[in-house]
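Asker: just need the structure, nothing else, for what follows:
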Amino acid sequence: QVQLVESGGGLVQAGGSLRLSCAASGLPFNIYTMAWFRQAPGKEREIVAAISRGGAQTSYADSVNGRFTIARDNAKNTVSLQMNSLQPEDTSVYYCAGDPAAGFRAVAASRYRNWGQGTQVTVSS
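Answerer: A predicted model of the protein is given here:
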């Protein structure tokens, strides 16, 4: 059974940092493109960042580029999202997602078949 389990969310003040982690099991992790999405109340789910199977290629939403860093460890079946300079508009539920066929530039949520349960990130002003 495929499982993606996120951790690391929480409450942080504006300007602070958080690191999200996603542990994958039940899938051939090293052939999966992995991504982080987020969804705020009343808004659509949006891509935050994605990383290629080997980890050499990454893509970021314009809103987080330069502040967030996605990384993966194929030996440990984990993907992480380091979030720096957090702002109140970054407040969302963050989801880990993966798909073996999506390229690292795939931005639509429909392109990813496997999802975690989400972790809440709240940034106070």
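Asker: look up the pLDDT of the residue nearest the centre of the chain for me, please.
Answerer: Geometric centre of the chain, nearest residue: Trp36, 1.9 Å, by C-alpha atoms, centre = their mean. With respect to pLDDT, Trp36 scores 98.
Asker: okay, and the beta partners of it?
Answerer: Per DSSP bridges, the residues bridged to Trp36 are Ala49, Cys96.
Asker: which residues touch Ala109?
Answerer: Ala109 sits next to 37, 45, 47, 97 when contact means C-beta atoms under 8 Å, 6 or more residues apart in numbering. Heads up, the C-betas are built off the backbone N, CA and C, glycines and all.
Asker: buried subset of these?
Answerer: 37, 45, 47, 97 (16 or more other C-beta atoms under 10 Å).
Asker: nearest to Thr69, of those residues?
Answerer: Ile47 (15.0 Å; C-beta to C-beta).
Asker: redo the buried ones among the contacts of Ala109 as a markdown table? Include distance to Gln3.
Answerer: Listed next are those as a markdown table, based on distance: C-beta to C-beta, whole Å:
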| residue | distance to Gln3 |
| --- | --- |
| Phe37 | 17 |
| Arg45 | 20 |
| Ile47 | 21 |
| Ala97 | 13 |
